[in-house]
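*Asks:* The following block contains a protein sequence and its predicted model.
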Amino acid sequence: MFDFVRQYCKISMQKSLIGICQMSVGNSKVQNFVQAKLLVEECKRLGAAMAFLPEACDYIADKPEESIEMSEDVSSMNDSLLGQYSNLAKTNEIWLSLGGLHRRCATDPYGKIRNTHVILDQNGNMQGCYDKCHLFNVDIPDKVVLKETDITVPGKTISDPVTTPVGNIGLMICYDIRFPQISTTLRERGAEILTYPSAFTVPTGHAHWEVLLRARAIENQCYIVAAAQVGNHNAKRVSFGHSMVVDPWGKVIACNADKIGVITAEIDLDYLKKIRTNMPVFNHTRPDIY
């Protein structure tokens, strides 16, 4: 069904393989899940211990009101899309990063939802949850109009890193990449991998995507995993793609430019520790002046 993009890496017993799923979703949760299922199964076939899906892996609606109507309460996995993802993780015995679900919450203002990053373990249990803190509001005439605050409630907390078989993962989403304070806090709390599941716009993607990802990797000495949406979602929405993995030295070690598909990358925590030991920048910070 898909022309899979694959990048193979040599692995050893001390290293972990991850799969990054680049998707192009629309407003059908059924069809989008079928797409995600095939990609996750490909990650498993390639030997990945964990698969990373992009922001809005559940759907991208045509209208704001449709986004609200299609949202779900993720507090229960019964008869829900999250339940299907839970079964997918369990069936394939693979950890999943669901980079952004449209989450309905009873305590939020009427007509508002949350953009929530969820981590599931290999048994389908939720191990981490983060609500996107920085919401993208842009209105450029004749180019792009995206105002997340119209329907989305911003998160209020930074979630602690989640311990997984591939390393300690810090949860973020898309626009959070422009605010390095969160990534620095997550590094200080023990993160080894920082995630930026995204649906980046094309103009900002061309200009800033790679340089921002590499900057966050270098300054925090962390692996960066950024699963992305790609292509046309509807008449008004197009995503940049270029799902990417960057190592702690700032080197791009995997990238899928413009296709639906899977890439893999190796997470080498010994290499990460070596970089942090040789250049201990977090020991050189000056909390006395900033």
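*Replies:* Cool, got the structure.

*Asks:* Can you check which strand is longest in this protein?
*Replies:* strand 95-103 (DSSP state E).

*Asks:* what's the next secondary structure element after that strand?
*Replies:* strand 114-120 (DSSP states H and E).

*Asks:* Show me the contact partners of the following helix or strand past that following strand.
*Replies:* Moving toward the C-terminus from strand 114-120, the next helix or strand (DSSP H and E) is strand 126-131. For strand 126-131, the external contacting residues (CB atoms under 8 Å, 6 or more residues apart in numbering) are 74, 86, 103, 114-121, 153-159, 162-164, 169, 171-173. C-betas here are computed from N, CA, C, even on glycine.

*Asks:* Would you list the buried entries among those?
*Replies:* Using 16 or more other CB atoms under 10 Å as the burial test, the contacts of strand 126-131 include 74, 86, 103, 114-121, 153, 155, 158-159, 162, 164, 169, 171-173 as buried.

*Asks:* Apart from its chain neighbours, what residue comes closest to residue 206?
*Replies:* Spatial nearest neighbour of residue 206, excluding adjacent residues (CB to CB, 6 or more residues apart in numbering): residue 240 at 7.0 Å.

*Asks:* correction: residue 275
*Replies:* residue 248 (4.8 Å).

*Asks:* In contact with that neighbour, which residues are there?
*Replies:* 217-218, 220-223, 271-272, 275-276.

*Asks:* Mark which of those are part of strands, please.
*Replies:* When those are checked against strands (DSSP E), the matches are residue 223.

*Asks:* For the protein, which segments are assigned as helices?
*Replies:* In chain order, the chain shows helices spanning 29-45, 64-70, 81-92, 180-188, 202-204, 210-220, 269-278, with DSSP state H as the criterion.
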